[in-house]
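In: missing the sequence, but the structure's below:
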């Protein structure tokens, strides 16, 4: 299939990107596709159509935003939305059990807590999709996270 895509010209429904080192061009393409009929964004292809691949698929996957329409849920919370696939995965894991921050990377197939995972946990806490099991001792080594009712609602949305 990739061989077939490489023979097609870039245009309104096909775009090649070398990597995700600069998110702005990627996001512009994603928004353009979302505002039209969709399209294919192929990452790991240079301008000469040489297949470069992606060095660390899991790291790049964490940086990909999940496009979701924001909805009005109340006067104090005009937007509640997941900003990445990683945030969705964290919610899914927490729907099964309370999990510590050091356990999450292993469950996600990573070696350690990345900056992106830390950022998503903070955001999920701010949105009140998850909560700490020991809120009075936030830096405890025994700290775990669990899904809130709002987080469960988020998981059931289509």
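Out: Received, thanks. Everything numeric in this text was worked out from a predicted model, so none of it was measured.

In: for the nearest residue to residue 100 once chain neighbours are set aside, what are its contacts?
Out: Spatial nearest neighbour of residue 100, chain neighbours left out: residue 144 (4.8 Å); criterion: CB to CB, 6 or more residues apart in numbering. (Each C-beta comes from the backbone N, C-alpha and C, glycine too.) Applying CB atoms under 8 Å, 6 or more residues apart in numbering to residue 144 gives the contacts 98-100, 132-134.

In: hmm, 7 Å instead?
Out: Going by CB atoms under 7 Å, 6 or more residues apart in numbering, residue 144 touches 98-100, 133.

In: what's the answer for residue 18, then?
Out: By CB under 7 Å, 6+ apart, the contact set of residue 18 is 46, 52.

In: same deal with residue 107?
Out: 93, 99.

In: Three-state assignment for it, please.
Out: helix (DSSP: H, G, I helix; E, B strand; the rest coil).

In: swap in residue 60?
Out: Residue 60 is classified as helix under three-state DSSP.

In: Quick check: it vs residue 91, distance?
Out: According to CB to CB, to the nearest Å, residue 60 stands 20 Å off from residue 91.

In: Looking at these two now, which is surrounded by more residues?
Out: residue 91 (19 against 15; other CB atoms under 10 Å).

In: mind checking which helix or strand the more buried one is in?
Out: Here residue 91, judged by DSSP states H and E, is contained in helix 85-94.

In: what are the ranges of the strands in this protein?
Out: Assigned by DSSP state E, the strands in the chain fall at 14-17, 40-43, 99-100, 130-132, 144-147.
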